[in-house]
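Colleague: Dropping the sequence and predicted coords here.
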There are 2 protein chains.
Amino acid sequence: MTHDCSFLDDVGVAVSYTESDRQSHAADFGGEAFDLAVTPDAVVRPESTAEVSAVLSAATDRGVPVTPYAGGTSLEGNPVPAHQGISMDMMEMDAVLDVRPDDFQIDVEPGVIGSSINEAVEEHGLFFPPMPAANDIATIGGMIVNDASGMTTVKYGEVGDWVLELEVVLADGSVITTGSTAIKTSSGYNLLDLFVGSEGTLGVVTRATLELERLPEQTRGGRAIFPTLDAATEAVFDAVRSGVDVATIELIDDLSARMANAHLDTGLPDAPMVFLEFHSPGVETAVSRCRSAFERHDVDRFEIATDDERMDDLWTARRELAIALQTYDPDRRPLHPGDVTVPISEYPAIIRYAKSLAEEHDLLVPCFGHAGDGNVHYSVFVDHDDPEMVVRGEDVYRHIVEKAIDCGGTATGEHGVGLGKREYLTAEHGESGVEAMRRIKRALDPHDTLNPGKIFPETAEGERVREDEG
Amino acid sequence: MTHDCSFLDDVGVAVSYTESDRQSHAADFGGEAFDLAVTPDAVVRPESTAEVSAVLSAATDRGVPVTPYAGGTSLEGNPVPAHQGISMDMMEMDAVLDVRPDDFQIDVEPGVIGSSINEAVEEHGLFFPPMPAANDIATIGGMIVNDASGMTTVKYGEVGDWVLELEVVLADGSVITTGSTAIKTSSGYNLLDLFVGSEGTLGVVTRATLELERLPEQTRGGRAIFPTLDAATEAVFDAVRSGVDVATIELIDDLSARMANAHLDTGLPDAPMVFLEFHSPGVETAVSRCRSAFERHDVDRFEIATDDERMDDLWTARRELAIALQTYDPDRRPLHPGDVTVPISEYPAIIRYAKSLAEEHDLLVPCFGHAGDGNVHYSVFVDHDDPEMVVRGEDVYRHIVEKAIDCGGTATGEHGVGLGKREYLTAEHGESGVEAMRRIKRALDPHDTLNPGKIFPETAEGERVREDEG
């Protein structure tokens, strides 16, 4: 349903109704995959908390949906409107407000790009540890509201673990500050971690205080190549179970390796590979223990870089994998991307399951991801002009998600629910769990202004659940 | 108001109405300090999730308050009824349900004592890192709902950071499971961290999955003695700011040292002391850097233990401090205990402020605590039979809390709000922040069944805020 957004002209915020602006806010990196995704009626670009507040207050009064948007690097349609209305583009609020190196803290606006945070604090010998891979285009606001994570999460945790304080504007325009600049607090309800991962459905983040860490004095990187995929996944499990202190432990399966090699002409075998990084203290011990764990699983090559250039070289296949996947076969492209994550003891089994499903359904399903977290990214390749193959691919995609939930894992380890994973919410959290989430949504946003249609499996197609309309 | 609890006889749960049971559930380690604390009408001891659910459902139907109780080691009156009704004693649910060493996980019931967790996993070379000091009497359920922390939080974080999954019974008796046994998830709202620290006001925890860590291969402990309190606090700040990898860094001020020495006859000077622990990897480097930081602040003695016995010896004054405080002066006893926590850069200043207030008001105010977190425990000593001195003491107590909030810290770093810190909630979180918390309370517990009267500054003395009564 289209909404009359002309009231925005009186709010005092930059607003655009151009086709190109509206279209550019109607997709994310997840592509065209979601039926419900629609084009917003207007795009606003607030420059201050006060402007965010004014837009939300006016929109709530008029029943117009507001969906926050930033870098657009999400995969599940998280910031793409499902009910038109207003796309609130946060990219103008991109200031680094303060750096307090003695407290290991930085204050930023939500539109700040991840890599800019590290640039701002590098001179103090600090960094923001849980940065996701897309940190040169993803914003900190987007990372926070999707509780993003990435290659170093195995050592440092998720983005949400490093957020100390948030300023958030609620749907009625009220502004709250939650958390503390003390490194711990037990005062009142932990609203901070409720806004983390809420995908813009509970409030709009307008300022964040992040915790930082000292840059490691020593890092080492490397790559291991395995004879079989089972050997590689069991080796990862063994290393993690043994407590090897890795900062990064990424796996790509033999099919992913074949795609990377085809793209890069690396001369490497089409074999499962594990990419490693170690951070001090204890680097030498960790490298040696990792090597031992991998040797227990018949590793073919275990190479540790002696300098940055060699490290870059060893990591090429992993770094270029995303592009390799896109260009591998012009006739077959991946269904929606995204991830599942399982307890590490289930990691070898879920990879085996995914590969056996692929074989059974005669489809290409490269698997890769942040193996040390039990995280699996997988791409189901289909010919999008072949409806039967698309159905087969969707089946494979869904079975892998269901398997992850069945073995105690999650339908989405790091990309949120958005539109793409809504159908699994009840399987993962139960009716009562989802109902508790709905109660919180209604309590903080009773008119369903903020990003309606996301996270929750809707009661009827396209219906907004508004308390005032019963 | 007394409530008719006779319906409990039909619920099928162990119930007691004896005076001694009721009295033993009318206080915690915070003592007799809270005007609103009252004696429950009945004490139930559920043995299963189903019994917890049955009690809550029946109590909500009848408008009878239920306040969960466990080890009773809290300091702010958190589990002490403010509105009589039912005290739900969780100590019968004390089973270790499962240990999964390969996943670094343990499943426990809420009544399990902290030290029992470490005993259960030690054979696997694992431990639960964020354990609070009272871990031999405090329960894991209590730790979770107060988001407890302790001596090792400076390295390992708070209890809440190590909780992966919770089973929780809501006020209406519905049972939810929140979180995941995968080590990360971005599926739906983070209800888990909302129940962490909610002090039994939103639900009753009936099962927890905790994350574990490998026991450090090497630990070193030590003690430093400083010429002045300023030197000691600045040395702690310097060590933390420099990124020295400490596992524990505790301070006791010169007055605390005097009290400990009087109790123990240690032969040590009545001087500020810092107690240290270091965990591998990198122990030698950390010790050496800590020594350098402390030498920059004129440390008098810096002693590192060479064996466990010597470590125990160095730590005696810290370990015995709690008893020393209680026995120091039979005529003057501390007002309510509890803590404040500030950003580490504010740590020297808040200690200076507390000591200058003490001098100005001619009161003994020993300060100590988990210095590396910016945490300050302080005891305001007063003659409880001298009303004027009690008023002076309350003033000092309050001014220190207000100062902590003013400098970006929190009124309560690790003991929750309970009854004792309710009056500071609005100063710390603002009217809109507290209102957002109230909305969540009403959404999950609309009849105000669970632990009414806690956390929120009440609108009128003793009034329960029930949605159904307006």
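Modeller: Arrived safely, thanks for sending. Because the structure is a prediction, the values reported are computed rather than measured.
Colleague: could you point out where chain A is predicted with low confidence?
Modeller: For chain A, the stretches with pLDDT under 70 are A:32-36, A:459-470.
Colleague: Assign a three-state SS to the spatially most central residue of it, would you?
Modeller: Note on chain A: the residue nearest the mean C-alpha position is A:His415, at 3.3 Å, using Cα atoms, centre = their mean. Secondary structure, DSSP: H, G, I helix; E, B strand; the rest coil: A:His415 is coil.
Colleague: Number of residues surrounding the nearest residue to it once chain neighbours are set aside?
Modeller: Nearest non-adjacent residue to A:His415, counting by Cβ to Cβ, 6 or more residues apart in numbering or on different chains: A:Leu75, 4.6 Å away. Every residue, glycine included, has its C-beta placed from N, CA and C. Neighbour count for A:Leu75, taken as other Cβ atoms under 10 Å in any protein chain shown: 24.
Colleague: give me every residue that touches A:Leu75.
Modeller: Contact analysis of A:Leu75 by Cβ atoms under 8 Å, 6 or more residues apart in numbering or on different chains lists A:28-30, A:336-338, A:415, A:418, A:420.
Colleague: swap in A:Leu335?
Modeller: A:33, A:379-382, A:390, A:393-394, A:397.
Colleague: Reformat the contacts of A:Leu75 as TSV; add distance to B:Pro65 and secondary structure.
Modeller: Below are the contacts of A:Leu75 laid out as TSV (distance: Cβ to Cβ, whole Å; DSSP: H, G, I helix; E, B strand; the rest coil):
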residue	distance to B:Pro65	secondary structure
A:Asp28	47	coil
A:Phe29	50	coil
A:Gly30	47	coil
A:His336	48	coil
A:Pro337	49	coil
A:Gly338	44	coil
A:His415	42	coil
A:Gly418	40	coil
A:Gly420	43	coil
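Colleague: Return the closest of those residues with respect to chain B.
Modeller: Closest to chain B out of those is A:His415 (6.3 Å), distances taken as Cβ to the nearest Cβ.
Colleague: For stretch A:359-368, buried residues please.
Modeller: Using 16 or more other Cβ atoms under 10 Å in any protein chain shown as the test for burial, stretch A:359-368 gives A:361, A:363-368.
Colleague: ok, now stretch A:85-102?
Modeller: Per 16+ other Cβ under 10 Å, stretch A:85-102 contains these buried residues: A:85-94, A:96, A:99-101.
Colleague: in the stretch 1-150 of chain A, which spans are helices?
Modeller: Per DSSP state H, counting those that start in this stretch, the stretch 1-150 of chain A carries helices over the ranges A:19-24, A:49-62, A:114-121, A:140-145.
Colleague: Which of those sits closest to chain B?
Modeller: Per Cβ to the nearest Cβ, nearest to chain B of those: helix A:140-145, 9.8 Å.
Colleague: The closest one: how far from the chain's middle?
Modeller: Computed by Cα atoms, centre = their mean, to the nearest Å, the chain-centroid distance of helix A:140-145 equals 9 Å.
Colleague: List every C-alpha atom in it, with coordinates, as PDB.
Modeller: Only the C-alpha atoms of helix A:140-145 are listed here, as PDB (Å, rounded to 0.1, in the frame of the first residue of the first chain):
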ATOM      1  CA  ILE A 140      28.300   0.300  12.200                       C
ATOM      2  CA  GLY A 141      24.500   1.000  12.600                       C
ATOM      3  CA  GLY A 142      23.700  -1.900  10.300                       C
ATOM      4  CA  MET A 143      26.200  -4.200  12.000                       C
ATOM      5  CA  ILE A 144      24.600  -3.400  15.400                       C
ATOM      6  CA  VAL A 145      21.000  -3.900  14.500                       C
END
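Colleague: Which elements pack onto that helix?
Modeller: helix A:114-121, strand A:204-211 (3 or more Cβ pairs under 8 Å, 6 or more residues apart in numbering or on different chains; DSSP states H and E).
Colleague: quick one: strands adjacent to the last one?
Modeller: Counting by DSSP bridges, the strands paired with strand A:204-211 are strand A:105-108 (antiparallel), strand A:163-169 (antiparallel).
Colleague: Quick one: work out the angle between it and helix A:49-62.
Modeller: Interaxial angle, strand A:204-211 versus helix A:49-62 (axes from the mean of the first three to the mean of the last three Cα atoms, to 10 degrees): 140 degrees.
Colleague: next SSE after strand A:204-211?
Modeller: strand A:213-214 (DSSP states H and E).
Colleague: sorry, back to before: now that we have the contacts of A:Leu335, which one has the most neighbours?
Modeller: Highest neighbour count within those: A:Val380, with 28 neighbours (other Cβ under 10 Å).
Colleague: Show me the strands in the stretch 101-250 of chain A, by range?
Modeller: For the stretch 101-250 of chain A, the strands defined by DSSP state E, counting those that start in this stretch occupy A:105-108, A:126-127, A:163-169, A:175-179, A:204-211, A:213-214, A:219-225, A:248-252.
Colleague: Could I get these in a markdown table, plus columns for mean neighbour count?
Modeller: Shown next, in a markdown table, are the strands of the stretch 101-250 of chain A (neighbours: other Cβ atoms under 10 Å in any protein chain shown):
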| stretch | mean neighbour count |
| --- | --- |
| strand A:105-108 | 24 |
| strand A:126-127 | 20 |
| strand A:163-169 | 24 |
| strand A:175-179 | 22 |
| strand A:204-211 | 24 |
| strand A:213-214 | 17 |
| strand A:219-225 | 21 |
| strand A:248-252 | 26 |
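Colleague: Reformat the ones you listed as CSV; add distance to A:Phe294.
Modeller: Below are the strands of the stretch 101-250 of chain A laid out as CSV (distance: least, Cβ to Cβ, whole Å):
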stretch, distance to A:Phe294
strand A:105-108, 37
strand A:126-127, 28
strand A:163-169, 35
strand A:175-179, 40
strand A:204-211, 33
strand A:213-214, 27
strand A:219-225, 5
strand A:248-252, 10
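Colleague: need the residues of the stretch 301-450 of chain A near chain B, please.
Modeller: A:341-345, A:373-375, A:404, A:408-417, A:421, A:424-425, A:428-430, A:432-437, A:439-444 (Cβ under 8 Å from any Cβ of the partner chain).
Colleague: An error on my part: the question was meant for the stretch 151-300 of chain A.
Modeller: Residues of the stretch 151-300 of chain A lying near chain B by Cβ under 8 Å from any Cβ: A:153, A:157-158, A:160-161, A:170, A:174-178, A:180-191, A:193-194, A:196-198, A:202, A:214, A:237, A:241, A:243, A:245, A:280-282, A:285-286.
Colleague: And these, which of them are buried?
Modeller: The neighbour-count test (16+ other Cβ under 10 Å) marks A:153, A:157-158, A:160-161, A:170, A:174-178, A:180-191, A:193-194, A:196-198, A:202, A:214, A:237, A:241, A:243, A:245, A:280-282, A:285-286 as buried among these.
Colleague: how about the helices and strands packed on helix A:140-145, which one is nearest A:Gly453?
Modeller: With Cβ to Cβ as the criterion, A:Gly453 lies closest to strand A:204-211 of those, at 16.7 Å.
Colleague: who touches the closest one?
Modeller: A:49, A:52, A:56, A:66, A:68, A:88, A:90, A:93, A:97, A:104-110, A:117, A:128, A:140-141, A:144-145, A:162-169, A:175, A:179, A:181, A:183, A:195, A:450.
Colleague: Quick check: A:Asp21 vs B:Ser292, distance?
Modeller: Note on A:Asp21: its distance to B:Ser292, by Cβ to Cβ, to the nearest Å, is 56 Å.
Colleague: neighbour count winner among those two?
Modeller: For A:Asp21 versus B:Ser292, neighbours defined as other Cβ under 10 Å are more numerous around A:Asp21 (18 against 14).
Colleague: In TSV, list the helices and strands packed on helix A:140-145 along with distance to B:Pro272.
Modeller: Output for the helices and strands packed on helix A:140-145, formatted as TSV (distance: least, Cβ to Cβ, whole Å):
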stretch	distance to B:Pro272
helix A:114-121	32
strand A:204-211	28
